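**Q** Sharing a model prediction with you, sequence too.
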Amino acid sequence: MIHQLKGEWETRDAKLIPYQTRIKELVKQFDEITFELIPCEDNQLADALATLSSMFKLSKDKDMPLIRIQHHDQPTYFHLVEEVSNGKPGYFDIKEYNKSHEYPPNSLENDKRTLRRLAMSFFSKQGCVV
């Protein structure tokens, strides 16, 4: 779009023509304006916001919805990991099952199935099944 706005490229995509027209109208309201091309990998937040904004129906009579953005020092999944209350690592049950072929006390059938599935691909540092 930047190349089209600068007149370097022609706008051929019919879906982009209304956007280009609207931007050209808005540009007239500024004394000076610059456009910068941002690589896709650096534009993830803008893409996410554009997707999010397309989900709202807006009208002139209603307030716009508030979108709160927070920045975390660690990746989001880090905040979802629960602490193990018993002080044992998350792989403890898998390792014990591979040693003894016994399930943890009070295991439900679904838990047992999951444990068997996980235990099949669990290896120690030496490359042997624990």
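**A** Nice, I can see it.
**Q** CA only for contacts and neighbour counts going forward, please
**A** OK.
**Q** Residue 89 in helix, strand or coil?
**A** Classification of residue 89 using DSSP: H, G, I helix; E, B strand; the rest coil returns coil.
**Q** Provide a list of residue ranges in the chain with pLDDT below threshold.
**A** Applying pLDDT under 70 to the chain flags residues 74-85, 123-130.
**Q** Domain map for it?
**A** For the chain, automatic domain parsing gives the domain ranges 2-53, 70-124.
**Q** Residue 62 is nearest to which of those domains?
**A** domain 2-53 (15.2 Å; Cα to Cα).
**Q** measure the closest one end to end?
**A** End-to-end distance for domain 2-53: 21 Å, by Cα to Cα, to the nearest Å.
**Q** about what we covered before: including mean neighbour count and distance to residue 64, could the domains of the chain go into TSV?
**A** Output for these, formatted as TSV (neighbours: other Cα atoms under 10 Å; distance: least, Cα to Cα, whole Å):
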stretch	mean neighbour count	distance to residue 64
domain 2-53	10	10
domain 70-124	11	19
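**Q** would you turn those domains into JSON lines with distance to residue 59?
**A** Converted to JSON lines, the domains of the chain look like this (distance: least, Cα to Cα, whole Å):
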{"stretch": "domain 2-53", "distance to residue 59": "13"}
{"stretch": "domain 70-124", "distance to residue 59": "27"}
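**Q** closest one to residue 60 among those domains?
**A** With Cα to Cα, the closest approach to residue 60 among the domains of the chain belongs to domain 2-53: 15.5 Å.
**Q** Can you give the distance of the closest one from its chain's centre?
**A** 24 Å (Cα atoms, centre = their mean, to the nearest Å).
**Q** which residue packs closest to residue 119, ignoring adjacent ones?
**A** What sits nearest to residue 119 in space, not counting adjacent residues and going by Cα to Cα, 6 or more residues apart in numbering, is residue 94, at 5.4 Å.
**Q** And the one you found, which helix or strand is it part of?
**A** helix 92-100 (DSSP states H and E).
**Q** tell me the contacts of residue 1?
**A** 16, 20 (Cα atoms under 8 Å, 6 or more residues apart in numbering).
**Q** And for residue 102?
**A** Neighbouring residues of residue 102 by Cα under 8 Å, 6+ apart: residue 96.
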